[in-house]
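Enquirer: structure here, sequence nowhere to be found:
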């Protein structure tokens, strides 16, 4: 039981220091200056009602570009870790049995509705809670539903990588255009419109739509790679 | 009084989640449980961030049509933007870790670290 003692010792030390640091931060007090600046400038200068979107896509847009790159790297790394060369006569097998008729018909009805919801969430990312990442995840759940209910539902990986690349290039090109026309990378060069309109915020809406497409494509490919059960034993059982 | 209750529940839950996740990572033998522990600690950290950004009686930092022009207190948007990034990165880490676990399971036919002999420390 020596190991358990050490584990609890480590947990006690970590817990003590977290509590010690957190207890010195005032709770529920006024914001720091950065937050005030963003809350002031986001509706007046950028005309974006969702301040979090304004920070993620415009003020910290370069950071978001890196984040999208990390997601892309994760999808690529996962595909290369899971890759296995097929032997002769082997096929990709996803599940042992097909789902019941009820699940298949139900997912057919739900599939377009979920995609519509995801598109709504990322198109309205600058007006309401939500955005590219959230909408992309919702669309990926739609394809997960199809993947678990149909054995033969195929995801076309070359289409997915085309969507991914085009969305990534749109993001970078918008940033570079801001650099050419203005002063900084991702500077807002389009007219900002009016607060709480769908066409407001300049490049922010376009970037979030691109991010939505990219995340949806990446996650769909990732789920498909993880669900493929092409182990040798699975093929033998057939 | 209300504020203190909020503080204790937010911070308490966040720190408890972090410690539970760390415990699972350190004490469990099954690799899947270790990955689950990592993502529990992840959500605890995110909750801690959000709790630090809280402002008394604040609403979400969104200037919708009902809020514009009125004097409304809003919470700090910076931690929320950071947490949005952190969630995505945490997802990427979990996905890669899970794929490594699947690969190990295929190779050794077990997910328990103490049964995989050449990984023992």
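Expert: Now that the structure is in, tell me what you want to look at. Since the structure is predicted, the reported quantities are computational estimates derived from the model, not experimental observations. Residues are numbered from 1 along each chain as shown, chains lettered A, B, ... in the order given.
Enquirer: what about residue A:185, which SS state?
Expert: What DSSP: H, G, I helix; E, B strand; the rest coil gives for residue A:185 is coil.
Enquirer: that one reaches residue A:174, doesn't it?
Expert: No - look at residue A:185 against residue A:174 with CB atoms under 8 Å: they stay out of range, at 9.7 Å. (Each C-beta comes from the backbone N, C-alpha and C, glycine too.)
Enquirer: more neighbours, these two?
Expert: Between residue A:185 and residue A:174, residue A:174 has the larger neighbour count (other CB atoms under 10 Å in any protein chain shown), namely 23 against 15.
Enquirer: for chain B, give me its nearest residue in chain A.
Expert: Closest to chain B within chain A is residue A:74: 3.5 Å, counting by CB to the nearest CB.
Enquirer: the helix or strand that that residue is a member of: how far from the chain's middle?
Expert: Using DSSP states H and E, the element containing residue A:74 is helix A:61-82. Counting by CA atoms, centre = their mean, to the nearest Å, helix A:61-82 is centred 10 Å from the centre of its parent chain.
Enquirer: neighbouring contacts of it?
Expert: A:56-57, A:164, A:168, A:171-172, A:175, A:185-186, A:207, A:211, A:214-215, A:218-219, A:221-222, A:225-226, A:228, B:85, B:88-89, B:91-93, B:95-96, B:99-100, B:102-103 (CB atoms under 8 Å, 6 or more residues apart in numbering or on different chains).
Enquirer: and the residue in chain B positioned nearest to chain A, what does it touch?
Expert: In chain B, the residue that lies nearest chain A is residue B:92 (3.5 Å; CB to the nearest CB). By CB under 8 Å, 6+ apart, the contact set of residue B:92 is A:70-71, A:73-74.
Enquirer: 7 Å instead?
Expert: Each residue near residue B:92 by CB atoms under 7 Å, 6 or more residues apart in numbering or on different chains is listed here: A:70-71, A:74.
Enquirer: most neighbours among those, which one?
Expert: residue A:71 (24 neighbours).
Enquirer: can you show me the helices along chain A?
Expert: In chain A, the helices defined using DSSP state H lie at A:2-22, A:33-41, A:51-53, A:61-82, A:101-123, A:132-149, A:157-181, A:203-227, A:232-237.
Enquirer: hmm, who's touching the shortest one?
Expert: Just to be clear, that refers to helix A:51-53. Against helix A:51-53 from outside (CB under 7 Å, 6+ apart): A:38-39, A:42, A:125-126, A:131, A:204, A:208, B:61-62, B:77, B:80-81, B:84.
Enquirer: out of those, the closest to residue B:38 would be?
Expert: Taking CB to CB as the measure, residue B:38 sits nearest to residue B:84 out of those, at 19.1 Å.
Enquirer: pretty sure the closest one is in a helix, no?
Expert: Yes - judged by three-state DSSP, residue B:84 forms part of a helix.
Enquirer: wait, what's in contact with it?
Expert: Contacts here follow CB under 7 Å, 6+ apart; on that basis residue B:84 touches A:52, A:56, A:133.
Enquirer: turn the residues you listed into a markdown table, columns for pLDDT.
Expert: As requested, the contacts of residue B:84 are arranged in a markdown table below (pLDDT from 0 to 100):
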| residue | pLDDT |
| --- | --- |
| A:52 | 91 |
| A:56 | 90 |
| A:133 | 91 |
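Enquirer: need these in a markdown table (columns: distance to residue A:78 and neighbour count).
Expert: Putting the contacts of residue B:84 into a markdown table (distance: CB to CB, whole Å; neighbours: other CB atoms under 10 Å in any protein chain shown) gives the following:
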| residue | distance to residue A:78 | neighbour count |
| --- | --- | --- |
| A:52 | 28 | 26 |
| A:56 | 24 | 28 |
| A:133 | 18 | 28 |
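Enquirer: shaky segments in chain A?
Expert: Within chain A, the stretches with pLDDT under 70 are A:31, A:87-96, A:229-238.
Enquirer: what about 80?
Expert: Where chain A drops to pLDDT under 80, the residues are A:28-32, A:83-98, A:151-152, A:228-238.
Enquirer: same check, this time on chain B
Expert: Those would be B:1-2, B:68-69, B:117-121, if you go by pLDDT under 80 across chain B.
Enquirer: all helices of it, in order?
Expert: Residue ranges of the helices in chain B, as given by DSSP H, are B:2-27, B:31-52, B:77-108.
Enquirer: so does stretch B:4-19 get close to chain A?
Expert: Yes - interface with chain A: stretch B:4-19 contributes B:7, B:11, B:15, B:18-19 (CB under 7 Å from any CB of the partner chain).
Enquirer: pull the distance from that stretch to the chain's centre.
Expert: In terms of CA atoms, centre = their mean, the centre of stretch B:4-19 is found 13 Å from the chain centre.
Enquirer: got the residues of chain B near chain A?
Expert: B:3, B:7, B:11, B:15, B:18-19, B:22-23, B:26-27, B:52, B:54-56, B:60-65, B:68, B:74, B:76-78, B:80-81, B:84-85, B:88-89, B:92, B:95-96, B:99-100, B:102-103, B:106.
Enquirer: show me the contacts for residue 14.
Expert: Went with chain A since none was named. residue B:22.
Enquirer: nope, chain B please
Expert: With the criterion set at CB under 7 Å, 6+ apart, residue B:14 makes contact with B:44, B:47-48, B:51.
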